[in-house]
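J.: fold the following, please.
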Amino acid sequence: MDRELGTGRRVVVLGGTGSIGRHVCARLRRDGWTVLAVARHATAVPDAGRFLRMDVAAADVPRLTALLCDERIGAVVNATDGANTSDGWDHPAEHLIETNVRAVRRLVDAIAAVPWRPRLVHLGTIHEYGPVPPGVSVHEDAAPRPAGDYARSKLGGSTAVLDAARSGRIDGVVLRLTNVTGPHPSPAGLPGKLLARARAAAGGERVGMGVADARRDFVDVRDVAAAVSRALASTATGQAFNIGSGAAVPIADVIRALTEAAGLPEGALYDDGSAVRSVGGDWIQADVRRAADVLGWTPEHGLAESLRAMWRER
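T.: Presented below is the predicted three-dimensional model:
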């Protein structure tokens, strides 16, 4: 059955008030979708659409199925994550497995139980591939070798979506995101931590942080939202797409750009020699050609502009 039969353009964004979900909601509304944001916590998010309070990670299959049927949902965006804006990154493996793997499996089962065929766009992470050698642009065909509990749990959720889509149970894709910058970043991620240090430096402190030789791929959250919209409109199913800039940028360069965006004096943020924490190694660069070829998506916001927007928005 056609996924939009009787549903119109009705989409539910799970995790719709989070640092990424809020931008996805706003973009989809602008693109003509009727949006229902579902999350544990309501926030004052402009253009988010309707809001429903629900702990998606704790919801069973019948409750999720009823939500999709009662709301006549034609598409689902899963922007939930066991490591999130509210809870941070430090969780035991069991928590991450429950929220990033088992909850995604329940969501897949709920979507498969709907009488029509809702489309699912699931947000994964570039860390699912694990560390790669410097100079390598990681492609979607790379064999995943995630390092650490978080990355392994995210791969488990993405695999559940891809397996179900490839077997024909559901219609869906996975977007694997690099480090997300832009307005309202998660304080648990690298950009959010950089922003917090820049704000401290703006208060007159001289703030140290780890820089080393680490390089990361950064993508603006508004470009992520655009990629979600493109993925919902696409007929591709059972595929993963890397969503990033396609460039590995030295963290030292990011700090300099953020210093300039904040109008801070040179040296207000400095390398204190501490280790740079990562779940994906010291080099991250995504091959984003598949997203361009299949989804028609390319990033539009450069890193400097993204950092300026991140600094301006409070």
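
J.: tell me which element the residue of the chain positioned farthest from its centre falls in.
T.: Relative to the C-alpha centroid of the chain, counting by Cα atoms, centre = their mean, Gly204 is the outermost residue, at 32.7 Å. Assessed by DSSP states H and E, Gly204 sits outside every helix and strand.

J.: who's in contact with Tyr270?
T.: 206-209 (Cβ atoms under 8 Å, 6 or more residues apart in numbering). C-beta here means a position set from N, CA and C on the backbone, and glycine is covered the same way.

J.: mind doing that once more with 10 Å?
T.: 201, 206-209, 211, 255, 259 (Cβ atoms under 10 Å, 6 or more residues apart in numbering).

J.: looking at this, it is in a strand?
T.: Yes. Residue state for Tyr270 (DSSP: H, G, I helix; E, B strand; the rest coil) corresponds to a strand.

J.: just how off-centre is the lowest-mean-pLDDT helix or strand in the chain within its chain?
T.: Counting by mean pLDDT, DSSP states H and E, the chain has its least confident helix or strand at strand 269-271, which shows a mean of 81. With Cα atoms, centre = their mean, to the nearest Å as the basis, strand 269-271 stands 28 Å off its chain's centre.

J.: what do you get for stretch 19-32?
T.: Put simply, stretch 19-32 sits 13 Å off its chain's centre (Cα atoms, centre = their mean).

J.: list the buried residues for it?
T.: Using 16 or more other Cβ atoms under 10 Å as the test for burial, stretch 19-32 gives 19-29, 31.

J.: in helices, which of these appear?
T.: If you go by DSSP state H, those have 21-29 in helices.

J.: out of the residues you listed, who's nearest Gly82?
T.: Within these, proximity to Gly82 (Cβ to Cβ) peaks at Gly21, which comes in at 14.5 Å.

J.: how far away is the residue lying closest to that closest one once chain neighbours are set aside from Gly148?
T.: For Gly21, ignoring the flanking residues on the chain, the nearest one in space by Cβ to Cβ, 6 or more residues apart in numbering is Ala79 at 3.9 Å. Per Cβ to Cβ, to the nearest Å, Ala79 is found 21 Å from Gly148.

J.: go on, Ala231?
T.: Taking Cβ to Cβ, one finds Ala231 at 27 Å from Gly148.

J.: of these two, which one has the most company?
T.: Ala231 (27 against 15; other Cβ atoms under 10 Å).

J.: any idea how far Val35 is from the closest residue to Asp109 other than its chain neighbours?
T.: Of all residues not flanking Asp109 in the chain, Val61 sits nearest, at 4.8 Å (Cβ to Cβ, 6+ apart). Distance from Val61 to Val35, counting by Cβ to Cβ: 23 Å.

J.: show me the shaky parts of the stretch 201-314 of the chain.
T.: By pLDDT under 70, the weakly predicted segments of the stretch 201-314 of the chain are 275-280, 314.

J.: mind doing that once more with 90?
T.: Within the stretch 201-314 of the chain, the stretches with pLDDT under 90 are 203-214, 251-252, 266-282, 313-314.

J.: helices of that one, residue ranges please.
T.: Taking DSSP state H, counting those that start in this stretch, the helices of the stretch 201-314 of the chain run over residues 221-233, 251-262, 289-290, 303-312.

J.: to Val132, which of the ones you listed lies closest?
T.: The nearest among the helices of the stretch 201-314 of the chain, by Cβ to Cβ, is helix 289-290 at 16.2 Å.

J.: list the helices and strands the closest one packs on?
T.: strand 240-243 (3 or more Cβ pairs under 10 Å, 6 or more residues apart in numbering; DSSP states H and E).

J.: hey, C-alpha coordinates of stretch 209-219 in CSV?
T.: Output in CSV follows, covering the C-alpha atoms of stretch 209-219 (Å, rounded to 0.1, in the frame of the first residue of the first chain):
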residue,chain,number,x,y,z
MET,A,209,41.3,22.7,25.7
GLY,A,210,42.7,19.7,23.9
VAL,A,211,43.6,20.3,20.3
ALA,A,212,46.5,17.9,19.3
ASP,A,213,46.5,16.9,15.6
ALA,A,214,42.8,15.7,15.5
ARG,A,215,40.8,16.4,12.4
ARG,A,216,37.0,16.1,12.1
ASP,A,217,34.4,16.4,9.4
PHE,A,218,31.8,19.1,10.4
VAL,A,219,28.3,19.6,8.9
